[in-house]
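Chemist: Return a 3D structure for these sequence lines:
(2 chains)
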Amino acid sequence: MILNGQHTLPAHPKTIWDLMMDANVLARITPGITRLELIEENVYKTIAEIKVGPVGGAFTGTLKVTDIVEHEKFSLVVQQNSRMGNAQATVNMLLEALEDGLATNVSFKGDVKLSGMMATMGQRVLAPVASMLSGQFFEALKKELP
Amino acid sequence: MGDTQYIGKSVKRVEDKRFITGQGRYTDDIQLPGMVYAHIVRSPYAHAKINSFDIASAQSAPGVVAVFTGDDIKKAGMGGVPCGWQLHFKNGDPMVEPPHPLLIASGDTVKHVGDGVAVVIADTRANARDAADLIYVDYEVFDAVTAAADAVKPGAPLVHESAPGNICFDWEIGNPRAEVDAAMATAHHITRMEYRNQRLAPNAIEPRCAIGDYDGANDRYTLYTTSQNPHLTRLLMCAFVLGLPENKVRVVAPDVGGGFGSKIYHYIEEALMIWASKQLGKPIKWTSTRTEAFLTDAHGRDHTTTAEMGFDQDGKIVALRINTLANVGAYLSTFAAVTPTYLHGTLLQGLYTTPKINLDLKAVFTHSTVIDAYRGAGRPEATYLLERLMSKAAIEMGIDQAELRYKNFIPPFDGVTQPGYQTNVALQYDSGNYKGMLDKGLELIGYQDFLKEQAEARKQGRYLGIGVSTYIEACGIAPSAVVGSLGCRAGLYESAHVRVQPTGTVSVYTGSHSHGQGHETTFAQVVAEYFGIPLSSVEVHHGDTESVAFGMGTYGSRSLAVGGSAIVASCQKVIDKGTKIAAHKLECSEDDLEYSAGTWTVKGTDRSIGFGAIAFTAYVPHQYPKGLEPGMDFSSFYDPSNFTYPNGCHIAVVEVDIETGKVKLLRFAAVDDVGNVINPMIVDGQIHGGLVQGIGQAMLEGVIFDEMGNQTTASYMDYAMPRADDVPSFELGRQVTPCPHNPLGVKGAGEAGAIGSTPAVVNAVADALAPFGVRDLEMPLHSEKVWRAIQAVAKG
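Modeler: Below is the predicted model:
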């Protein structure tokens, strides 16, 4: 499943970048995340509670930040396992300064591969759920802005 | 059939009392002392290698009795579930038959989502389910392929190393391809279609269930299972999978809530429960969830086809040329090899005199749920192909769709004074009046009036369409010698045991299984009629290998034609013996006796003796013919001499909303020739059910996979089943051409509805959209697809 979208935030890319690279902030703003623990540089262990359509429950897995070009772009490599199935995703994040750095356009593009019950039962409703979750993420990120 | 007491009467079903009062006894209703429950861990991946299992946490979870993985199965050295029919490549090599293990072991690869890898057995269903989540299977995931057309492309992921190009076998039937090509070259007009007859899930209302019960004291096994053919399941499980002696194994298929083909096959869970029950010394129950049913019950259809039909200047068919890829899924299910071949290719003559026919077919493995016979089994695919081609050709050539069929029908023949009709695709039709069938159908629907109504509606911007479909099917499966020569690993006869009790009541034991068909009523009607005794004096038993001698089960619309004929043979033995006893009692010659209405009478006198008195004498043989054995107890095996050939005409009327593509099915008329009818109400019910399933394929149903090989339609939120408000009240007609080669003259009615109806609906929509230039439509006819078809033509 292809995921993509973009949000404009009223801050400089550097400000956004610093927030997004802060594990404490990420843990606060990512929907469903109950635990985010740095286990090595740029690799986090995660526990999340997410409900997708008829299936929901606890996901455990890892989140890796790779291909870092500071203040500009990075990729998230996500592997999540749950009793409802597994998800693997690579999401490319791009930060572009707008209006001479007064605002930033954050765009993301990724491919999600699902298996198990989540794929069988949840796929139909996953795209709108993903869109809703990303919306919640960016709303929360906006509130973190200084 | 002249004056009858029961045959031809709509007797209410005797089994319905228990069904409609909730007292049916299904496999899952069976509770045995000390029973434990199994949950099967299934692969979430369509194609992956298992590196290792970690079962330690599951083993110590609350209530867990045992955990077995594919490694345990491998260690035990068990065979996989077999295929019951062997075909050969065109070059004579045997088809590729990869093993289908009960569970996949580490080091091996899973081949579809839902492939079993481990089983957890616990004191409750919930504990087994919870512990299953604690099992960690380390998979290495590979690319998967689920569509046959993709699987045969160079470089496609391989399902089995032993099947290069994912080809299970290739096969052809009919006239040599060169002859068909030559005939096609002379055609004045060629109609061509490229399409997919989509994959369907069978959806019996009762999910599969299996209980394994090992009795250590007697070293005996009992399997309770949701099966259409318990003897066949026992045979396959004992001989091929577990290596058990059959006399130590009892298989019981109690009340079964629908099968439609999906409960014919021997499934891994059945053998697994028996094996595990012996390991643990406890009865074990496994019950499928609905999503497991979507993932593991054998699917139906899934043909990818290119077909061409050539016509001469007068609209007579000159040739039919077909290339088909038949998806068989990840493994070969019990009848997977025969469904797309001998149950499909042999029906491509249809009702037409087509002089040259050739089908070239490849059976293809994919990383998907197995495909096998589903209501109609190959014959719906053949009928869809022929009937869509006919109606499409009619539009292309500007000939009325009924007229084009009349031009091409095989002339009427009764099979008695006239010989059967030899087709170009191996079968010899027994009897039929196909023109009469279409006459009746057109009259029932009011064809000429409809055409006027349609023309008027079009002027008002309303688009009505009518779709004609005629079909023939080969049922009453089947002469054992014939199917044996075609690769069947079983005989397809049926057994019947008729036991007259001392007071004249009758117990009948049949190898046919009833799971919605109403055998307990129809078979009792046959017996009561033959003996001239009350229906309430007859009881029919089925579904238990311990009480029934043998049986090949219920599928292919065979129960009455084959199983019923075996019952008649046993009834005749009873009457013959009764005549001997009656002659002795009445002190006359057997030739002087006639039997009627439950009484032997000395011709031309009032001296007579009743059925009950003769039965009593047989068991209390004080005044008895010398040398005659006591008792009144006969079994018979009936092996048919030919298939039976039900046929019919189905006509649909639809309205299409051009703005949205929404199709509304307004009317549906079906005229079927199922031969003699024992119980018209039950036959109508069978036709109704079949029609709804056929209409379901045309309008609603379809299994869809994502690129990872996940089924995204594995629940009732996503798989659209037809409901009562999707179909109109059916208008049924009947033509009776008795089958000339079985004693009841019956042909079979179980599959007819699902065979003729699908193309009728699609033809009707194509007819409605003909003014727009729409010629091809893809099933299911969801409004989006219909709307897109209209737009595609509008855009040129």
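
Chemist: So for the top helix by length along chain A, mean pLDDT?
Modeler: Ranked by residue count, the top helix of chain A under DSSP state H comes out as helix A:123-144. On average, the pLDDT along helix A:123-144 is 85.

Chemist: mind listing what's buried in it?
Modeler: Across helix A:123-144, burial judged by 16 or more other CB atoms under 10 Å in any protein chain shown covers A:123-124, A:126, A:130, A:134, A:137-138, A:141, A:144. For glycine as for every other residue, the C-beta is placed from the backbone atoms N, C-alpha and C.

Chemist: Show me what that helix packs onto, helices and strands only.
Modeler: Packing partners of helix A:123-144 (3 or more CB pairs under 8 Å, 6 or more residues apart in numbering or on different chains; DSSP states H and E): strand A:2-9, helix A:13-20, helix A:23-29, strand A:43-52, strand A:103-115.

Chemist: how about 6 Å then?
Modeler: If contacts are counted by 3 or more CB pairs under 6 Å, 6 or more residues apart in numbering or on different chains; DSSP states H and E, helix A:123-144 sits against strand A:2-9, helix A:23-29.

Chemist: closest to chain B out of the ones you listed?
Modeler: The closest of those to chain B is strand A:2-9. By CB to the nearest CB, the value is 11.0 Å.

Chemist: quick revisit: how about TSV for the helices and strands packed on helix A:123-144, with mean pLDDT, mean neighbour count and distance to B:Ser43 added?
Modeler: Shown next, in TSV, are these (pLDDT from 0 to 100; neighbours: other CB atoms under 10 Å in any protein chain shown; distance: least, CB to CB, whole Å):
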stretch	mean pLDDT	mean neighbour count	distance to B:Ser43
strand A:2-9	90	14	25
helix A:23-29	88	15	33
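
Chemist: Any chance of those in TSV with distance to B:Val14 as columns?
Modeler: Compiled in TSV, the helices and strands packed on helix A:123-144 are given as follows (distance: least, CB to CB, whole Å):
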stretch	distance to B:Val14
strand A:2-9	58
helix A:23-29	67
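
Chemist: can you redo the ones you listed as CSV with distance to chain B?
Modeler: Converted to CSV, the helices and strands packed on helix A:123-144 look like this (distance: least, CB to the nearest CB, whole Å):
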stretch, distance to chain B
strand A:2-9, 11
helix A:23-29, 25
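
Chemist: Could you list the contact residues of chain B toward chain A?
Modeler: B:44-45, B:133, B:708, B:710-712, B:714-715, B:718 (CB under 6 Å from any CB of the partner chain).

Chemist: Now a ChimeraX select for only the buried ones of the residues you listed.
Modeler: Here is the ChimeraX selection string for the buried members of these, based on 16+ other CB under 10 Å:
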select /B:44,45,133,708,710,711,712,714,715,718
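
Chemist: what does stretch B:717-730 contact?
Modeler: A:124, B:665, B:667-668, B:688, B:691-692, B:695-696, B:700, B:713 (CB atoms under 6 Å, 6 or more residues apart in numbering or on different chains).

Chemist: Check these and tell me the two furthest apart.
Modeler: A:Arg124 and B:Arg667 (33.1 Å; CB to CB).

Chemist: Work out the gap between stretch B:352-372 and the centre of the chain.
Modeler: 17 Å (CA atoms, centre = their mean, to the nearest Å).

Chemist: Next: stretch B:492-505.
Modeler: Worked out by CA atoms, centre = their mean, stretch B:492-505 lies 26 Å from the chain centre.

Chemist: Likewise for stretch B:36-44?
Modeler: From the chain centre to the centre of stretch B:36-44 is a distance of 28 Å (CA atoms, centre = their mean).

Chemist: can you pull the buried residues of that stretch?
Modeler: B:36-44.

Chemist: Next secondary structure after the host helix or strand of B:Thr233?
Modeler: Taking DSSP states H and E as the criterion, B:Thr233 maps to helix B:230-236. The helix or strand immediately downstream of helix B:230-236 is strand B:249-252, counting by DSSP H and E.

Chemist: Can you pull out the residues in contact with that next one?
Modeler: B:221-224, B:230, B:233-234, B:238, B:544-546.

Chemist: Please pick the buried ones from those.
Modeler: So, by 16+ other CB under 10 Å, the buried ones in those are B:221-224, B:230, B:233-234, B:238, B:544-545.

Chemist: Adding distance to B:Val683 as columns, could you present those residues in CSV?
Modeler: Shown next, in CSV, are these (distance: CB to CB, whole Å):
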residue, distance to B:Val683
B:Tyr221, 38
B:Thr222, 35
B:Leu223, 32
B:Tyr224, 30
B:Pro230, 25
B:Thr233, 28
B:Arg234, 31
B:Cys238, 36
B:Asp544, 27
B:Thr545, 29
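
Chemist: Can you tell me which residues in chain A are near chain B?
Modeler: Checking chain A against chain B by CB under 6 Å from any CB, the hits are A:83, A:85, A:113, A:115-116, A:119-121, A:123-124.

Chemist: redo that, cut-off 7 Å
Modeler: Taking CB under 7 Å from any CB of the partner chain as the contact definition, chain A meets chain B at A:83, A:85-86, A:113-116, A:119-121, A:123-124.

Chemist: Looking at the residues you listed, state which has the most neighbours.
Modeler: A:Ala119 (30 neighbours; other CB atoms under 10 Å in any protein chain shown).

Chemist: Make sure I have this right: it is in a helix.
Modeler: Yes - under DSSP: H, G, I helix; E, B strand; the rest coil, A:Ala119 sits within a helix.

Chemist: My guess is it contacts A:Gly85. True?
Modeler: Yes - if you go by CB atoms under 7 Å, A:Ala119 and A:Gly85 touch, sitting 5.7 Å apart.

Chemist: which helices and strands sit right next to the longest helix anywhere in chain B?
Modeler: Identified as the longest helix of chain B according to DSSP H is helix B:565-586. Helices and strands touching helix B:565-586, by 3 or more CB pairs under 7 Å, 6 or more residues apart in numbering or on different chains; DSSP states H and E, are strand B:494-500, helix B:519-531, strand B:593-596, strand B:599-602, strand B:608-610, helix B:611-619, strand B:633-638.

Chemist: mind running it again at 8 Å?
Modeler: Contacts defined by 3+ CB pairs under 8 Å, 6+ apart place helix B:565-586 against strand B:494-500, strand B:506-510, helix B:519-531, strand B:593-596, strand B:599-602, strand B:608-610, helix B:611-619, strand B:633-638.

Chemist: Make a markdown table out of the ones you listed and add mean neighbour count and mean pLDDT.
Modeler: Formatted as a markdown table, the helices and strands packed on helix B:565-586 follow (neighbours: other CB atoms under 10 Å in any protein chain shown; pLDDT from 0 to 100):
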| stretch | mean neighbour count | mean pLDDT |
| --- | --- | --- |
| strand B:494-500 | 25 | 97 |
| strand B:506-510 | 22 | 98 |
| helix B:519-531 | 24 | 98 |
| strand B:593-596 | 16 | 96 |
| strand B:599-602 | 20 | 98 |
| strand B:608-610 | 17 | 97 |
| helix B:611-619 | 21 | 98 |
| strand B:633-638 | 19 | 97 |
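
Chemist: Same list, those, but as CSV with distance to B:Lys12 please.
Modeler: Putting the helices and strands packed on helix B:565-586 into CSV (distance: least, CB to CB, whole Å) gives the following:
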stretch, distance to B:Lys12
strand B:494-500, 23
strand B:506-510, 19
helix B:519-531, 8
strand B:593-596, 26
strand B:599-602, 27
strand B:608-610, 27
helix B:611-619, 24
strand B:633-638, 28
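
Chemist: what's the closest of these to B:Ser757?
Modeler: helix B:519-531 (22.9 Å).

Chemist: how big is the angle separating that closest one from strand B:494-500?
Modeler: Going by axes from the mean of the first three to the mean of the last three CA atoms, to 10 degrees, helix B:519-531 is angled at 60 degrees with respect to strand B:494-500.

Chemist: helix or strand right after helix B:519-531?
Modeler: Downstream of helix B:519-531, the first helix or strand assigned by DSSP H and E is strand B:538-542.
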